[in-house]
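In: 3D, please:
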Amino acid sequence: MVSNFRQSEILEFARKEGKVTVDGLAEHYNVTVQTIRRDLSVLAESGRLERVHGGAVVPSGVVNIIYEERRRTNEAGKKAIAVKCAQVIPDGASVFMNIGTSTEAVALELLDHENLLVVTNNLNIAYILSANKTCEIILAGGILRRTDGGIVGGLTVEMVKQFKFDHSVLGCSAIDVDGDLLDFDGQEVMVSRTAIQQSRNVMVVADHIKFKRKAPLTICALGDVDILFTDRALSDELAANCEGFKTLVVTT
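Out: Okay, here's the model as predicted:
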């Protein structure tokens with residue numbers, strides 16, 4: 001029972017911080033490093049964590065995290081990012097919002113905005129914003145991805161092409177040190193690229209965990225992004241790249 005409870009807590013720590021260390025957990029729980037290594041091995045075998053040197057991280061690589069796991073990961077950080085992003089969007093704006101738990105957090109912060117026009121390929125965002133009676137919501141057509149409520153495909157792309165947005169609010173699966181935004185689904189990537197082309201102001205919402213993950217497909221470079229909202233300071237290399245790109249970085 002104690003082991004199961006500890007493993008549950010370790011998983012929550014990893015979700016909040018993106019990584020846990022063997023030494024840090026051993027000190028926190030006042031147990032041996034061998035005990036913590038066994039806990040991490042159990043969590044890794046079940047696919048909930050990925051072992052790395054000295055500890056473990058939330059899963060990365062070419063397999064995406066289960067959507068409910070992603071929704072609970074770093075909720076406080078995502079909310080702080082969403083508050084800052086929503087402050088940039090004025091009443092009466094036209095906005096595109098793509099698939100992701102970070103963009104859903106922004107939708108929650110837009111509930112008090114007035115007279116927005118929101119186009120989205122995210123069923124969850126449409127549902128969230130339905131509580132805002134002055135918000136006009138246009139749900140892009142296409143193929144429903146049941147795992148996360150996303151809508152993708154050629155029909156989605158063609159519909160997004162019909163608009164010129166004041167702002168787009170985009171999430172992604174990962175950002176590498178070169179400043180490339182990455183994702184897992186080629187159809188989703190095409191929708192995001194189209195939104196970038198059709199937007200006057202491109203905003204990306206990405207918490208610090210996205211900078212520790214990997215994904216195989218490129219959406220765009222941060223040079224194509226006007227504002228990056230995140231919850232921790234960037235690495236020196238990436239910060240220098242953003243300065244070169246003339247991408248504004250807002251850290252909560």
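In: any regions of the protein where pLDDT drops low?
Out: Within the chain, the segments meeting pLDDT under 70 span 1-3, 59-71.
In: quick one, longest helix in it?
Out: helix 2-17 (DSSP state H).
In: could you list the residues in contact with it?
Out: The contact list for helix 2-17, computed with CB atoms under 8 Å, 6 or more residues apart in numbering, reads 20, 25, 29, 36, 39-40, 42-43, 48-49, 56-58, 69, 72-74, 76-77. Backbone N, C-alpha and C define where each C-beta goes, glycine included.
In: of those, buried ones?
Out: Buried members of the contacts of helix 2-17, counted by 16 or more other CB atoms under 10 Å: 20, 25, 36, 39-40, 43, 48-49, 56-58, 69, 73-74, 77.
In: and which of these is nearest residue 134?
Out: Lowest distance from residue 134 to the buried ones among the contacts of helix 2-17 (CB to CB) belongs to residue 77, with 28.8 Å.
In: in the stretch 151-252 of the chain, which spans are strands?
Out: 165-170, 174-175, 180-183, 199-205, 217-221, 227-230, 248-251 (DSSP state E, counting those that start in this stretch).
In: need the ones you listed in CSV (columns: distance to residue 127).
Out: Formatted as CSV, the strands of the stretch 151-252 of the chain follow (distance: least, CB to CB, whole Å):
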stretch, distance to residue 127
strand 165-170, 16
strand 174-175, 26
strand 180-183, 22
strand 199-205, 19
strand 217-221, 25
strand 227-230, 23
strand 248-251, 27
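In: in JSON lines: the ones you listed, plus mean neighbour count and distance to residue 110.
Out: As requested, those are exported to JSON lines (neighbours: other CB atoms under 10 Å; distance: least, CB to CB, whole Å):
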{"stretch": "strand 165-170", "mean neighbour count": "25", "distance to residue 110": "9"}
{"stretch": "strand 174-175", "mean neighbour count": "24", "distance to residue 110": "23"}
{"stretch": "strand 180-183", "mean neighbour count": "22", "distance to residue 110": "22"}
{"stretch": "strand 199-205", "mean neighbour count": "22", "distance to residue 110": "12"}
{"stretch": "strand 217-221", "mean neighbour count": "19", "distance to residue 110": "22"}
{"stretch": "strand 227-230", "mean neighbour count": "23", "distance to residue 110": "14"}
{"stretch": "strand 248-251", "mean neighbour count": "16", "distance to residue 110": "17"}
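In: relative to residue 83, which of these is closest?
Out: Of all the strands of the stretch 151-252 of the chain, strand 227-230 sits nearest to residue 83, with 9.4 Å by CB to CB.
In: what about the helices in this structure?
Out: Per DSSP H, the chain carries helices over the ranges 2-17, 22-29, 33-45, 67-72, 75-88, 101-109, 123-129, 154-160, 186-197, 236-245.
In: the inter-axis angle of the fifth one versus strand 165-170?
Out: If I follow you right, that is helix 75-88. Relative orientation of helix 75-88 and strand 165-170, computed by axes from the mean of the first three to the mean of the last three CA atoms, to 10 degrees: 170 degrees.
In: list the buried ones in helix 75-88?
Out: Quick answer for helix 75-88 (16+ other CB under 10 Å): 77, 78, 79, 80, 81, 82, 84, 85, 86, 88.
In: just the CA atoms of it, as CSV, please.
Out: Extracted in CSV, the C-alpha atoms of helix 75-88 (Å, rounded to 0.1, in the frame of the first residue of the first chain):
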residue,chain,number,x,y,z
GLU,A,75,-2.1,22.4,-14.9
ALA,A,76,-0.9,25.4,-12.9
GLY,A,77,1.7,26.3,-15.5
LYS,A,78,-0.8,26.0,-18.4
LYS,A,79,-3.2,28.3,-16.6
ALA,A,80,-0.6,30.9,-16.0
ILE,A,81,0.3,30.8,-19.6
ALA,A,82,-3.3,31.0,-20.7
VAL,A,83,-4.0,34.1,-18.5
LYS,A,84,-1.1,36.0,-20.2
CYS,A,85,-2.2,34.9,-23.7
ALA,A,86,-5.8,35.8,-23.2
GLN,A,87,-4.8,39.3,-22.1
VAL,A,88,-3.4,39.9,-25.6
